[in-house]
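S.K.: Whatever this is, show me its structure:
(chains A, B and C)
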Amino acid sequence: MSADDAFAVELKGLTFNRGSRKIFDNVDISFPRGKVTGVMGPSGCGKTTLLRLMAAQLKPEQGEVWVNGQNLPDLSRSALFDMRKQFGVLFQSGALFTDLDVFENVAFPLRVHTNLPDEMIRDIVLMKLQAVGLRGAINLMPDELSGGMKRRVALARAIALDPDILLYDEPFVGQDPIAKGVLVRLIRLLNDALGITSVVVSHDLAETASISDYLYVIGDGQVLGQGKPNDLMNSENPRIRQFMQGIPDGPVPFHFDAPDYRDDLLGDH
Amino acid sequence: MRIRAVEISVGVFLLLGILALLLLALRVSGLTVASSTDTYKLTAHFDNIAGLTTRAKVTMAGVTVGKVVGIDFDTETYTGKVTMEVQRRVNNLPTDTTASILTAGLLGEKYISFSVGGEEEVLVDGDIIYDTQSSLVLEELIGKFLMNTVNQE
Amino acid sequence: MRHQSLLDRIALFGRSGLDVVQAMGRSLIFLWHVLIGRGGAGTGMHLLVKQLYSVGVLSLAIIIVSGLFIGMVLALQGYSILVDFGSEQAVGQMVALTLLRELGPVVTALLFAGRAGSALTAEIGNMKSTEQLSSLEMIGVDPLKYIIAPRLWAGFISMPLLAAIFSVVGIWGGAMVAVDWLGVYDGSYWGNMLNSVDFYDDVLNGVIKSVVFAFVVTWIAVFQGYDCEATSEGISRATTRTVVYASLAVLGLDFILTALMFGDF
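M.R.: Just a heads-up that it's a prediction; the model follows:
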């Protein structure tokens, strides 16, 4: 079975367990090419695991991970290495290499995957930093940057090799409104200008819904719902509705599992 | 430049380490570069080798001329057989040379000392030294001393 | 507090035992992958040099100072004991043998575990929790080869050298105390030492010990960093574990090695 070209990434029949917990149980998810797709769900539902499966950091127990026409679990090590040029990943904390300066951080993927001469690498790094608005920070060390700046440098690093697919892991967590605004603009810009397929994993409803063309809501090892953001907002499914509208009590209960209240109060310790 | 400083200091560190090892080898343990082909083997039988170990010195007139390389028990003669390697340049030991096991200092280790005899023929590789004096055991000495004092009375 | 039945406690104990065995298994596989394992982008010399600096050069200060003081104390104590037997000229060989056979390798290993070992664990744990290790994987670089291996090799190389420096500094420090201060004849200090210290039995055995210790200490340090929980609490627990496990391992191995090398019973 080969992949449909309309989808950059397709996960078919994906099953993944961690210990005895089923994180994904025979799940099908497709990410349309050139669009921003959001993946949302309650904490611990496996969103980050999904990213790692897509980036071949983890192997599924069963199922296929089709990326640009290749099934990742089938690939040899060297083929997988080449594959990585097509991915850019932005982690929650930016994950810049602390002992390298901004320039070397962004240049890192170039040095690993290409043999370009130093002048060319310098030009590319400058261009990428310009795209994220941090060309002036080129010689700083990561510990001299603010959180938001770190993420933008990490984004520059993620696009260093001009990947087809960008994966964002919780990009909006802990950011002030300005930083969030910057990121939203960059994600959208990169997507539209460069035709990149973007996958944003987040539980920040407002931002994710505002930039996504398509949304998946996952939980309990399944896809709970998918569709355009507006459609999901008005969904019939109580779980999706609880999540999308932020209702405190529903399928995900308010009360942690506890014995009967009356017994607890009146009984002895 | 930062990187140069790092490399230089690592180089210095490695040099210091190797220097330390050399110092330990030469100045502290007295490792000599004498090759083993410069020696020949002699054996000697002792009634009692008590306290003698392999690698003990073999001296003559107080100068180290070789070392003990093996200690075995000779089942036929019920004696201790000591094998020694002596430097080749000391090649004029008469065949009646005496080998004695002596103690270096009061608490010191045992070593072998050669004393010259008078024969014309010299010892060669594989020869046996027949004149030997065993290790002095303290208890026997005291016993002898007591016996002597008793006898005199 | 809930009352734990005896059975529960035994079960917990067994469970922690199993966890330890599992962790040891993981650490073996980890070691294999770092040293041998699948090929791929190797470690550059520049990475090794950087690690030699941070692990070796930066430990020099504590090693030299400690070696000096221990050597001096040994000479002092040794003299005070030997002088009662009239054997104070033997202080040179006593200091040398103690340092070469035992204190050099062991104390260096313990100091190394505390200073460099815990730093390695914290650094790697920090990289894990800020997802730098994952980023490396995503870019296609094996963090085991790029981050861990240089640090491991730096430890293997540095520690025996540090132990040798420790012993040398200690012996010369002891000489300072014995000859310059306590009045032991300089010829006796060095002469007796030269006579009684054997290169193969003492120096080489000491070097072998420190190589073994280097292996164990560095391995524990990098593994604890790699395996820790990716939280700040997890990192601090891992750092403590490195120091404790490494120290215990060094002392235990020291006994075994000493018995093998010096106990010809």
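S.K.: Report whether the helix or strand of chain C with the lowest mean pLDDT contacts chain B.
M.R.: Each helix and strand of chain C was given a mean pLDDT (mean pLDDT, DSSP states H and E); the minimum falls on helix C:186-196 at a mean of 78. Yes: using C-beta under 8 Å from any C-beta of the partner chain, helix C:186-196 reaches chain B at C:Trp190, C:Met193, C:Leu194, C:Asn195, C:Ser196. Using the backbone N, CA and C atoms, a C-beta is placed for each residue, glycine as well.
S.K.: which one of the residues you listed has the most neighbours?
M.R.: Each of the residues of helix C:186-196 next to chain B was scored for neighbours by other C-beta atoms under 10 Å in any protein chain shown, and C:Met193 scores highest at 25 neighbours.
S.K.: now the strands: where do they sit in the stretch 101-250 of chain A?
M.R.: Under the criterion DSSP state E, counting those that start in this stretch, strands of the stretch 101-250 of chain A are mapped to A:165-169, A:197-201, A:214-219, A:222-227.
S.K.: Mind listing residues that contact the least confident helix or strand of chain C?
M.R.: Contacts with helix C:186-196, where a contact means C-beta atoms under 8 Å, 6 or more residues apart in numbering or on different chains, come from B:27-30, B:109, C:89-93, C:95-97, C:171, C:175, C:178-179.
S.K.: Going by neighbour count, which of those are buried?
M.R.: Neighbour counting by 16 or more other C-beta atoms under 10 Å in any protein chain shown classes B:27-30, C:89-93, C:95-97, C:171, C:175, C:178-179 among the contacts of helix C:186-196 as buried.
S.K.: what comes up buried for the longest helix anywhere in chain A?
M.R.: Longest helix in chain A by number of residues (criterion: DSSP state H): helix A:177-194. Residues A:Ala179, A:Lys180, A:Val182, A:Leu183, A:Val184, A:Leu186, A:Ile187, A:Leu190, A:Asn191 are the ones in helix A:177-194 that count as buried (16+ other C-beta under 10 Å).
S.K.: now do stretch B:47-65
M.R.: B:Asn48, B:Ile49, B:Leu52, B:Ala56, B:Lys57, B:Val58, B:Thr59, B:Met60, B:Val65.
S.K.: Repeat that for stretch A:146-154.
M.R.: The neighbour-count check on stretch A:146-154 (16+ other C-beta under 10 Å) flags A:Gly148, A:Met149, A:Lys150, A:Arg151, A:Arg152, A:Val153, A:Ala154 as buried.
S.K.: Not counting it itself, show me its contacts.
M.R.: The contact list for stretch A:146-154, computed with C-beta under 8 Å, 6+ apart, reads A:90-91, A:93-96, A:102, A:105-106, A:129, A:132-134, A:137, A:142, A:145, A:171, A:174-176, A:178-179, A:182-183, A:186, C:135.
S.K.: pLDDT score for A:Asp176?
M.R.: pLDDT for A:Asp176: 82.
S.K.: how close does it sit to A:Gly148?
M.R.: Using C-beta to C-beta, to the nearest Å, A:Asp176 is found at 7 Å from A:Gly148.
S.K.: wait, which of the buried residues of helix A:177-194 is closest to B:Val12?
M.R.: A:Ala179 (45.6 Å; C-beta to C-beta).
S.K.: ok so B:Lys67 is a helix residue?
M.R.: No: read with DSSP: H, G, I helix; E, B strand; the rest coil, B:Lys67 is strand and lies in no helix.
S.K.: That one is in contact with B:Val58, isn't it?
M.R.: Yes: B:Lys67 lies in contact with B:Val58 (C-beta atoms under 8 Å); the separation is 5.7 Å.
S.K.: quick one: common contacting residues for those two?
M.R.: Listed contacts common to B:Lys67 and B:Val58 are B:Met84, B:Glu85; contacts here mean C-beta under 8 Å, 6+ apart.
S.K.: What are the buried residues along the host helix or strand of A:Ala79?
M.R.: Applying DSSP states H and E as the criterion places A:Ala79 in helix A:77-83. Buried residues in helix A:77-83, counted by 16+ other C-beta under 10 Å: A:Phe81, A:Met83.
S.K.: try stretch A:152-164
M.R.: Quick answer for stretch A:152-164 (16+ other C-beta under 10 Å): A:Arg152, A:Val153, A:Ala154, A:Leu155, A:Ala156, A:Arg157, A:Ala158, A:Ile159, A:Ala160, A:Leu161, A:Pro163, A:Asp164.
S.K.: per-residue pLDDT, the last one?
M.R.: To tie it back to what came earlier, the one meant is A:Asp164. A:Asp164 carries a pLDDT value of 87.
S.K.: quick one: pLDDT of C:Ala175?
M.R.: With respect to pLDDT, C:Ala175 has a value of 90.
S.K.: Tell me if I'm right that it and C:Gly92 touch.
M.R.: Yes: with contacts counted by C-beta under 8 Å, C:Ala175 reaches C:Gly92, the gap being 7.3 Å.
S.K.: about what we covered before: what subset of the contacts of stretch A:146-154 is buried?
M.R.: A:90-91, A:93-96, A:102, A:105-106, A:129, A:132, A:134, A:137, A:142, A:145, A:171, A:175, A:179, A:182-183, A:186, C:135.
S.K.: need the contact list for residue 31.
M.R.: Unless you meant another one, I'm taking chain A. By C-beta under 8 Å, 6+ apart, the neighbours of A:Phe31 are A:Phe7, A:Ala8, A:Val9, A:Glu10, A:Thr37, A:Ile165, A:Thr197, A:Val199.
S.K.: right idea, wrong chain: chain C
M.R.: By C-beta under 8 Å, 6+ apart, C:Leu31 lies in contact with C:Trp219, C:Phe223.
S.K.: Where does it fall, secondary structure wise?
M.R.: Residue-wise, C:Leu31 maps onto helix C:6-35 under DSSP H and E.
S.K.: Dihedrals phi and psi, B:Arg55?
M.R.: Main-chain dihedrals, B:Arg55, degrees, to the nearest 10: phi 70, psi 0.
S.K.: Need the nearest residue in space to it, chain neighbours excluded.
M.R.: Nearest residue to B:Arg55, sequence neighbours excluded (C-beta to C-beta, 6 or more residues apart in numbering or on different chains): B:Lys67, at 5.8 Å.
S.K.: and the residue lying closest to A:Ile29 once chain neighbours are set aside, what pLDDT?
M.R.: Leaving aside its sequence neighbours, A:Ile29 sits nearest to A:Leu11 (C-beta to C-beta, 6+ apart; 4.6 Å). You'll see A:Leu11 listed with a pLDDT of 79.
S.K.: So which elements touch the helix or strand harbouring A:Leu11?
M.R.: For A:Leu11, the enclosing helix or strand under DSSP H and E is strand A:7-18. Packed against strand A:7-18 by the contact rule (3 or more C-beta pairs under 8 Å, 6 or more residues apart in numbering or on different chains; DSSP states H and E) you find strand A:21-32, helix A:47-54, strand A:62-67, strand A:197-201.
S.K.: Which single residue of chain B ends up nearest chain C?
M.R.: For chain B, the residue closest to chain C is B:Gly17, as judged by C-beta to the nearest C-beta, at 2.6 Å.
S.K.: Any idea how many residues pack against A:Asp143?
M.R.: A:Asp143: 8 surrounding residues under other C-beta under 10 Å.
S.K.: wait, I meant C:Tyr185
M.R.: Using other C-beta under 10 Å, C:Tyr185 has 14 other residues around it.
S.K.: Who are the contact partners of it?
M.R.: Residues in contact with C:Tyr185, defined by C-beta under 8 Å, 6+ apart, are C:Gln89, C:Val179.
S.K.: near chain C, which residues of the stretch 51-200 of chain A?
M.R.: Near chain C, when you scan the stretch 51-200 of chain A using C-beta under 8 Å from any C-beta, you find A:52, A:55, A:57, A:77, A:80-81, A:84-85, A:87, A:89, A:91-99, A:108-109, A:112-113, A:154.
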